[in-house]
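K.L.:
Return a 3D structure for these sequence lines:
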Amino acid sequence: MIRLRGFAASARQALALAVAVALGGTTTVFACPMCFGAEESGLIDGAKLGVLVMVAITLAVQGAFVAFFLYLRRRAKQIADLDLDTEWAELQRPTRSS
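P.N.:
Numbering: from 1, shown residues only. Now for the predicted structure:
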């Protein structure tokens, strides 16, 4: 039981600290000096471009996965059709009766 009491006390302390920081802190504490007062600087434009590049790379990789699985599906269908044609040709051969 002693461990549980110690855990509850540390959890209460952490919660109290988080509430104090949230209530006592101002917006200048939460923002970095470059972002806080900057309206449209090169740093902001670079960050936006970086996000767009990451989204583009993610979409390209996902598109490649989709294209690969579509290729596999098409190839499997071609092989199945070839197997069916081969089986049908074997069934159409005349049987030899001796």
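K.L.:
With just CA atoms, put stretch 48-57 into CSV.
P.N.:
Presented in CSV, the C-alpha positions along stretch 48-57 are these (Å, rounded to 0.1, in the frame of the first residue of the first chain):
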residue,chain,number,x,y,z
LYS,A,48,5.4,25.3,-44.9
LEU,A,49,7.4,24.1,-47.8
GLY,A,50,8.9,21.3,-45.7
VAL,A,51,5.5,20.1,-44.7
LEU,A,52,4.3,20.1,-48.3
VAL,A,53,7.4,18.1,-49.3
MET,A,54,6.8,15.5,-46.6
VAL,A,55,3.1,15.2,-47.6
ALA,A,56,4.2,14.8,-51.3
ILE,A,57,6.7,12.1,-50.4
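K.L.:
Could you number the chain from 428 rather than 1 from now on?
P.N.:
OK, 428 is where the count begins now, so the last one is stretch 475-484.
K.L.:
Distance from the chain centre to it, please.
P.N.:
The chain centroid and the centroid of stretch 475-484 are separated by 14 Å under CA atoms, centre = their mean, to the nearest Å.
K.L.:
That one - what's its average pLDDT?
P.N.:
Per-residue pLDDT values across stretch 475-484 average out to 95.
K.L.:
do the same with stretch 446-460
P.N.:
Per-residue scores along stretch 446-460 average to 65.
K.L.:
Checking residue 523 next. Helix, strand or coil?
P.N.:
Here residue 523 is recorded as coil under DSSP: H, G, I helix; E, B strand; the rest coil.
K.L.:
what about it, how many residues close to it?
P.N.:
Neighbour count of residue 523, defined by other CB atoms under 10 Å: 5. Every residue, glycine included, has its C-beta placed from N, CA and C.
K.L.:
can you list the domain ranges for the protein.
P.N.:
428-457, 467-519 (automatic domain parsing).
K.L.:
Could you check how far the helix with the most length in the chain is from the centre of its chain?
P.N.:
Counting by DSSP state H, the longest helix found in the chain is helix 469-519. Its chain's average C-alpha position is 17 Å from that of helix 469-519, according to CA atoms, centre = their mean.
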